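>>> give me the fold of what follows.
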Amino acid sequence: QVQLVESGGGLVQAGGSLRLSCAASGRTFSNLAMGWFRQAPGKEREFVAVISWGGGSTDYADSVKGRFTISRDNARNTVYLQMTSLKPEDTAVYYCNAARVPYFFTRDTRHYYNNWGQGTQVTVSS
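Below you'll find the model as predicted:
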């Protein structure tokens, strides 16, 4: 059973920064792509960023490109999301997850595990 625990969210003013962390357990993650997703009130969960198993490849939603950076530490089974130049529209609950199939690089939530963590709330005030 995959377990994912997100942390690092909070309240920040527009233009500020936050660093999110995701601790993963329950299986080997070093051969899995890891992604960050977010869900704002009244909206569907959306893709934010993904990183490949070794960290050599990344992909970002257009809305966060140039402002967010995803990284990972396989020795610690941890994935990070550094968020800078935050905007009020970044306000959401942020989730991490792992792709179910090894060595499959995707931003499509259908290819991620069904058991999502509790997420971490990010609120950006204007």
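>>> tell me the residue furthest from the middle of the chain?
Ser126 (22.9 Å; Cα atoms, centre = their mean).
>>> list phi and psi for Arg110.
Note on Arg110: backbone dihedrals following degrees, to the nearest 10 are phi -60, psi -20.
>>> returning to what we had before: who touches the residue farthest from the centre of the chain in this structure?
By Cβ atoms under 8 Å, 6 or more residues apart in numbering, Ser126 lies in contact with Ala14, Pro88. Quick note: C-beta positions are derived from backbone N, CA and C, even for glycine.
>>> check it and give its pLDDT.
Looking at Ser126, its pLDDT reads 94.
>>> roughly how far apart are it and Phe37?
According to Cβ to Cβ, to the nearest Å, Ser126 and Phe37 sit 23 Å apart.
>>> give me the residue at the spatial middle of this structure.
Computing the C-alpha centroid of the chain and ranking residues by Cα atoms, centre = their mean puts Trp36 first, at 1.9 Å.
>>> is that one in contact with Ala49, as I believe?
Yes. Trp36 lies in contact with Ala49 (Cβ atoms under 8 Å); the separation is 4.8 Å.
>>> quickly list what's touching both of those two.
When contacts are counted by Cβ under 8 Å, 6+ apart, the set common to Trp36 and Ala49 consists of Ile70, Leu81.
>>> quick check, Phe47 in contact with Ala61.
Yes. Taking contacts as Cβ under 8 Å, Phe47 lies within contact range of Ala61: 5.5 Å.
>>> host element of the residue nearest to the centre of the chain?
For Trp36, the element it lies in under DSSP states H and E is strand 34-39.
>>> how far does that strand sit from the chain's center?
A distance of 4 Å separates the centroid of the chain from that of strand 34-39, by Cα atoms, centre = their mean, to the nearest Å.
>>> can you pull out the strands in the chain?
3-7, 10-13, 18-25, 34-39, 46-51, 58-60, 68-73, 78-83, 92-98, 120-125 (DSSP state E).
>>> could you redo those as JSON lines and give each row distance to Arg110?
Compiled in JSON lines, the strands of the chain are given as follows (distance: least, Cβ to Cβ, whole Å):
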{"stretch": "strand 3-7", "distance to Arg110": "17"}
{"stretch": "strand 10-13", "distance to Arg110": "30"}
{"stretch": "strand 18-25", "distance to Arg110": "19"}
{"stretch": "strand 34-39", "distance to Arg110": "12"}
{"stretch": "strand 46-51", "distance to Arg110": "11"}
{"stretch": "strand 58-60", "distance to Arg110": "16"}
{"stretch": "strand 68-73", "distance to Arg110": "20"}
{"stretch": "strand 78-83", "distance to Arg110": "20"}
{"stretch": "strand 92-98", "distance to Arg110": "11"}
{"stretch": "strand 120-125", "distance to Arg110": "23"}
